[in-house]
Structure formats: C-alpha cells, structure tokens
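In: sequence first, predicted coordinates after that:
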Amino acid sequence: MESKEFKNPVVSWIDHRLPIFSFLNHEANEYPTPKNLNYFWNFGSLAGIALVIMIVTGITLAMSYTAHTDYAFDSVERIMRDVNHGWLIRYIHMNGASFFFIVVFIHIFRGLYYGSYKAPRELLWMLGVLILLLMMATAFMGYVLPWGQMSFWGATVITNLFSAIPLVGENIVIWLWGGFSVDNPTLNRFFALHYLLPFVIVGVVVLHLVALHRFGSNNPLGIDTRGPQDTLPFHPYYTIKDFFGLSVFLTFFAAAVFFVPNMMGHPDNYIPANALQTPAHIVPEWYFLPFYAILRAVPDKLGGVLAMFGAIAVLFVLPWLDRSPIRSARFRPIFKIFFWLLFIDCLVLGYIGAMPAEGIYVLIGRLATVWYFAHFLIILPVLSVIETPRPLPQSISQPIFSAAGGGLAGAMSAPKEKVE
Amino acid sequence: MKRFLVSLIGIVMSLPVLAAGGGDTVIRQAEWSFSGPFGHFDKASMQRGFQVYREVCAGCHSLKYIAFRNLADLGYSEAEIKAIAAEYDVEDGPNDEGEMFTRPGIPADRMPSPYANDNAARAANNGAYPPDLSLIFKARPNGADYLYSLLTSYGDAPAGKDVPEGMYYNAAYSGHLIAMPQPLYGEDVSYADGADDSIDGHAKDLVNFLAWTAEPFLETRKRTGVAVLTFLILLVGVSYGAMKFIWSDVKKA
Amino acid sequence: MAKSKSKTSEMETSQGKSRRDFIVVASYAMGAVGAGAFAWPLIDQMNPAADTLALASIEVDISKIAEGQSITLKWRGKPVFIRHRTADEIRQAQDVDIDGLRHPEGDEIRAQKPEYLVVLGVCTHLGCVPLGQKVGEVRGEYDGWFCPCHGSHYDASGRIRKGPAPTNLEVPPYAFLSDNVIRIG
C-alpha cells in the first residue's frame, strides 16, 4: 500500500509509524468503486450499520438484564418501565433484529441476481453465508432471553432438532441444555453466546470486507472494471449515497420502533415462560419461516433437519453450481426468470412456515422445498450449459457491446444503465 | 428490481398478521384514544378503569409490574398516591427477629398480589390460573378489541353447546368456554364522576387502564416517534439533495 | 501530488461550489446531530432507574426510638444512623469548643432538633461502618462512634475528634415531616 502525505503534522507523525490513516484513505476514501452501482448496493453498508446498532443497544440492554429464569422476564419489564429510555433501547434491539434480516436478505438476493458470488468473489460470498449462519444463531439465542412463552418453546423446539442426529443426538441435546430440559443453565449459556457471537460476526465482516476490497465491488453489468474511467473514489460519491440510503432505512426502522414496535413479535412472548403449557401456535420469528417450512416439508425428523441445514449449505457451494461465466442476470434472460421464481418460492416458503402444517399447506410446502433445491442443484448447473447470454458491454463507461457468450452482437437492444 | 424491495417488505410485514388468525371468535371493535400515531391516554377513563380493577379484578388478578408511584400517570397527586398505597398491606422483612411482617404500602411498592404464589392462585380457582394483568394487553393479539370483547361477550350458550361445570360461555374466547366467570355486569362499580357505568362503559375504562399498565410509556413513545420521523424525513430530503449535488458531475460525463 | 490537488480545488471554490458544500455539510451535520440524539439514551440508561429513584428518599417513623437508643437504616445502599440523644449527650455535644476541632461544625448545624442526630454511618476515612450503634458496643473516647478499621473517634454529634478521618460523619439531607416522621433524601 502506498503511504500518503498528510498536511496535519500529528496525523503525518502517527501515519509514518502506524499507517492507519493511509489505510483508511486507501480503503474508504480513494477506494475505486464501480460508477454504475444501483441502490441495491446500499444494503451492504446498511447491514454493517444494523450490526453496529444491534451491538450498542445490546450492550446497553445487558447492563440491566438478568440471565436467570426467575428474573429474566421481570428484568426485561424493568428495562421497559423503569430504566431510562429502556423501552426505546429494547424496541430498537427487538425490531433491529428484523430489520437486520430484511437488509441482509435483500443483500443476498442482490448477490444472487447480479452473480456476485462468481469468480473471483467465491470466498467473499462464502464468508457472507457464514455471517448469515452466525446471525441466525445469534438471533435465535437472543429471542430466548426475554424468557416469554415463545422464547421458551422456540428454544425447546429448535434445540430438539439436534436430537435427530443418529446415536449421539440425545446426548447433544442434553449437552446443549445443561440439563434435561430448557432451563436456567440453558438461559445462562444462551446469554453468554448471544453476547459473544456478534463480535465473531464483526470478525467475519472484517474478512468479508478484506475479500471485497481485493477485487472491488461487482456491479449491475457484472463486468470487471477496466480502469479509472469506470470507477469513482468511494468518498464522497458512495459515502453520500450510503448516507442517503441510511436515512431512508432509518425512517422505515423508526416508523416500526415508534409506531408498531410489536408487529413483528408474537403476543405470546409477553406471557412468562411456562414449562407445563405450550402455546397453541408455535411460530418462529418471521426470518426463520422459510427454513422452518423446509424443516416441516420432510416427513422424517432427521431428513427435515438435514434439509433445513442443506438449504444453507447449498448456498456455500453455489459458486460451483452456477458455472455460467456471465455474472449479471441482465444478460441472462432465462436465469432472470428463474431468479424471480426462486424469489417467489422463498416468499411461498415463508408463508407456509407461518401456516399450520395441515391440508394443502403441507403439499405446497413440499413443492416449494423441492423447487428451492432444484433451483440450485439442477436448474443452475443446466442453465450454465444451455443458456445463450445477451451480448455484454465492453466496459462500464463505454456502451459498446462486444461479442460475448454465444457471439451475438445485438448492441442496439442492450440495456443502458443509468448512473444514480 | 425496485418492486422486489417493496414486495419483500410488504410480505414480510404481513406475515405475523397472517399467522395470528383466530377461529370463529367474535371480536367487536371500538374507538381507542391511544391508537394512531398521535394516540394518548384518557386519564379520567383510566382512573375509572383502575377503580374497576380494584373492585372487581383485583380479587383474583395481580398487577405486579405496576408500582403505586406509577399511578401518577393516571393524574393522581403525590398525596393521593400515598393514600392509595397505604390502603394496601405489603409484606416486608425479615425484621430483626427474622420474621416477615406486613406494613402499609408506600409509593415505591409494587401492587401486592392477591395470592401468595401461582399454585395458591390455581388452587383457589379450580386449577385455572388467573393471569397477571400488567401485560395482558400486549399478550393477546389485537389486545384492545379482544379484551373489550371478552369482557362484554358473556352469554347463554347456543343450543347444542355443552357448558361443563365451572366453565362459562364467551363468544370472544377461543373455543368459547372460559374458566373466568363473568366479571362485569354493569352498575356494579359506582363512578364518582357519573360516567357511563354500563357493562360497556366499565369494559372500555378497564381496557384503557390495561393499555396503560402494559405500555405506560406509550405517549412518550408516540411523541418521540413523531419528532424522530420528522427529523428523519427531513434528513432524507437533505441527504438526497447532497447526493444529487455530489453526483452531478458524474452524470455529465 | 496531494498538494497540487488541494491547490486546484481551492482555486475552484466559487459560489456554485459553496451552495453545493452547504447542503453536503448540512446533511452530514444533521447526521451528527442524529447520532448524538441516539447516543443520549444509551448513555442516560446508566443513570439511576425510576425504581431506584423511588427509593432514593425514605420516610422514617422515629417515635419508637427510645432515648439513648439508635437505629440503623439502609438508605441509597448506605447505613444511616439515627440516634435519640440523651440530655447528657446533647449537652456534651453542644459544649464543645468548635475552634479546636479538626472539622469545626456546631452541633446546632448538624442536628435540626437536638434530640435526634441523623448521620451517614460511613467513616469519612476509608468508608468503614463505625461501631457504637448497639448497646454494649465500643463508642470511642468521646462517647459517640468508633471506627474499628483505623481507630477514628467520633463524638455524640458525629464529629471527628481523634484518629485519621479528615471530616465529621456526613449529615444526609433530611426534613421533619411531622414530630415523628422524617424524610431522608
């Protein structure tokens, strides 16, 4: 990395010995970014900010929370009623989880649409999937902490998934619980891990960023940048764009926190946990619903669990399933259709996850599950062979189209990206 | 791609509502002063609701997250709160002899429960646990209308519906059979301010009171929310303008 | 490189630029204000909560304290000594030559009513709780309280008379609500 000259003598002195300012200048100021990114590229930085919001509100909540089955529910109510601004901090944290997932899901679908997982960004993508997994674990354990009915029964159901593992399943569940049911030891360790995992996420996010900055952002055209004419310095162009995106995001977020704070929660979680009475409808948090639907779609206990984890595992190997050299769906007409079918499929799975497992819902859930796996395991590999892509533009800044893929040169009809 | 975002948020937001459908229960709707972005509590109604709670509900239902000092939110003065608190016996101790003792309540105390513990509460009510009411408003879907309906929907079971001993017919309750006997009949609590003391009036006052016990910070929340949203919408405009200015030279190129 | 770059940008500064700068600066300034507003609840949540504040002042019925007896209360997590002083003790406390004291304070300043002395039972040296509350406990050379940690002697007005403590036992804010009830805090 080249070191930069700084006018301020203190900055210069420090930078000579500890080049943090050069680093920041290189990675956050000059950092060349494709000039044609659309608003879907805002969601990466939004996810980072959501993580920071969750960590600072979480740490402050932990100052008043008591991880004990006798006091957890009461301590949360004390936060809501007596701690200064406690209701605000708790509602931000509660809704923040949902908004974090909304942002991350959009971020993932953006990556799927524009082929951001393809070479040379496979590790970047896999680190992202790892972050998703860690987020799911963190969110699940966080939901247990208020020790309401949904907390308790959610913890019971999810930990029981591990009992499906042959031979050692039962022992693993007892090990997870620290007892013979979800109880105080479980709550204690979930709190410890819920506090720990976000910092592990921060670590993986740093790696995610290192991998990102190795080759820079993908872009809506999915072609590599070919020089300074294709890029803009990150600052001020993308700092202000991210800032604008942040203000829009915060507006939606604040509307939820202040006016419908319990909309994405479940009323049963305002009933203290009761180990002797299961609520009529156990529903996980909305962001788990598609996975929950996949779990229930398989009529076998172990099979269901494997399918659910498989739904994430398949994302890890996605860069090797989709072998098409063209990244952006813009130039892959058939892939584009299947992308939207997958998107709808995920929404259907989410809907089915919220419905009772009976009647027509079971059938729809199974079909949607089959489609989900077929998309990744059959459709994408086949498409990479049979699909004829549209011609690619030569570079981001020049709307001239070269012969790509099938060798057609239909430059006239090619889409032109408006820079925003 | 933009409809992508809109539809995702839309569907996601509607999921919990879809999930929370009820069976054949009859829920009646009413107007509530606390709903809407500018919602506020009706203090006179809350005071009456508190009176209904004390005279009717408190025999079985605790309100353990409410301290007497919180009653200031209902418009009571410090002296009135002290007087109300002193009417209750609060267990304290142990004293120097190691004994628990009772003393008159002080504003810092939380409302004492009618039963010593959950099992005592169950034993006194044929095994049905009368839940704490502090959070009941938030612990039921569509809390306001649901509680209002529950309190006013007792009646005779339709022909063919068998009502076992110790159960009561209620059209708003899931399954229509509830272990709680009809609590309100109208005119059983006499209001000093001459307000509507029909069963409907009692129920509405009680719901106003329970909305407050569940979310005493509701007014602050909504007031803060209006200020924060105003600021953020302004920020969206200003930052959009700033973005357009900064990007203006890129578009020309 | 960096120098010449900044030079040209200085030269480019014109009215169009300043309007542009204004809205950019304004948006980031609003961001800073928003971040500050968000930081405040996170900081303020560490201040005493409403239930803690509700117990920050307590009311005590002192009618049951017999003459020559003391009671110890917990107030804001610390012991408070309330002593119903005997006529002898009151005379002793009042007859002291204030000028000779390490921390000169008249007894009439320390006790609103001479019969009752209200002090924090925390030695001003290093925070131990002095002895002398219970019948039979050592009360030090000045018939008040004695701190066993480092040997500070307090008199019947809670004033430091001998030993390492720098100041008298602190008198908490209190008021007589009636003849028999005082509010501390």
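Out: Arrived safely. Residues are numbered from 1 along each chain as shown, chains lettered A, B, ... in the order given.

In: chain C: strands as residue ranges?
Out: Along chain C, counting by DSSP state E, strands occupy C:58-61, C:70-75, C:78-84, C:116-120, C:143-147, C:152-155, C:160-162, C:174-176, C:181-184.

In: just for the chain, where's the confidence low?
Out: Assuming you mean chain A. Regions of chain A meeting the criterion pLDDT under 70 cover residues A:1-3, A:399-420.

In: looking at chain C here, not the other one
Out: Counting by pLDDT under 70, chain C contains low-confidence ranges at C:1-17, C:19-20.

In: let's go with 50 and repeat that
Out: C:1-11 (pLDDT under 50).

In: how about the residues of it by chain A?
Out: Contact residues (Cβ under 8 Å from any Cβ of the partner chain) of chain C with chain A: C:1-3, C:6, C:24, C:27-28, C:31, C:34, C:40-42, C:44-47, C:49-52. Placement of C-beta: from N, CA and C, glycine included.

In: quick one, helices of chain C?
Out: Using DSSP state H, the helices found in chain C span residues C:2-12, C:15-44, C:50-54, C:87-94, C:107-110.

In: just put those helices in TSV and tack on mean neighbour count and distance to A:V385.
Out: Below are those laid out as TSV (neighbours: other Cβ atoms under 10 Å in any protein chain shown; distance: least, Cβ to Cβ, whole Å):
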stretch	mean neighbour count	distance to A:V385
helix C:2-12	9	50
helix C:15-44	14	49
helix C:50-54	16	67
helix C:87-94	16	101
helix C:107-110	16	95
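
In: nearest to A:A164, out of these?
Out: helix C:15-44 (41.5 Å; Cβ to Cβ).

In: now the end-to-end length of stretch A:164-182.
Out: End-to-end distance of stretch A:164-182 (Cα to Cα, to the nearest Å): 17 Å.

In: what comes up buried for that stretch?
Out: A:164-165, A:169, A:173, A:176-177, A:182 (16 or more other Cβ atoms under 10 Å in any protein chain shown).

In: take the helices of chain C and write them to CSV, including distance to A:P9.
Out: Listed next are those as CSV, based on distance: least, Cβ to Cβ, whole Å:
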stretch, distance to A:P9
helix C:2-12, 14
helix C:15-44, 25
helix C:50-54, 48
helix C:87-94, 65
helix C:107-110, 57
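
In: returning to that earlier point: which of the buried residues of stretch A:164-182 fall within helices?
Out: Counting by DSSP H, the buried residues of stretch A:164-182 contribute A:169, A:173, A:176-177 to helices.

In: out of those residues, which is nearest to B:P114?
Out: Closest to B:P114, out of all of these and judged by Cβ to Cβ, is A:W177, at 34.6 Å.

In: which ones are touching that closest one?
Out: A:159, A:183, A:185-186 (Cβ atoms under 8 Å, 6 or more residues apart in numbering or on different chains).

In: now, which of those lie within helices?
Out: Those of the contacts of A:W177 lying in helices (DSSP H): A:159, A:185-186.

In: pick the one among these closest to chain C.
Out: A:T186 (27.1 Å; Cβ to the nearest Cβ).

In: contacts for stretch A:233-249, please.
Out: A:28-33, A:35, A:37, A:39, A:42-43, A:45-46, A:49, A:99, A:103, A:232, B:232, B:235-236, B:239-240, B:242-243, B:246-247, B:250, C:24, C:27-28, C:31.

In: next: stretch A:335-349.
Out: With Cβ under 8 Å, 6+ apart, stretch A:335-349 has contacts from A:109, A:112-113, A:289-290, A:293-294, A:324, A:329-330, A:364-365, A:368-369, A:371-372, A:375, A:379-380, A:383, A:387, B:4, B:7-8, B:11.

In: ok, back up a step: also near chain B: which of the residues of chain C next to chain A, exactly?
Out: C:24, C:27-28, C:31, C:34, C:50-51.
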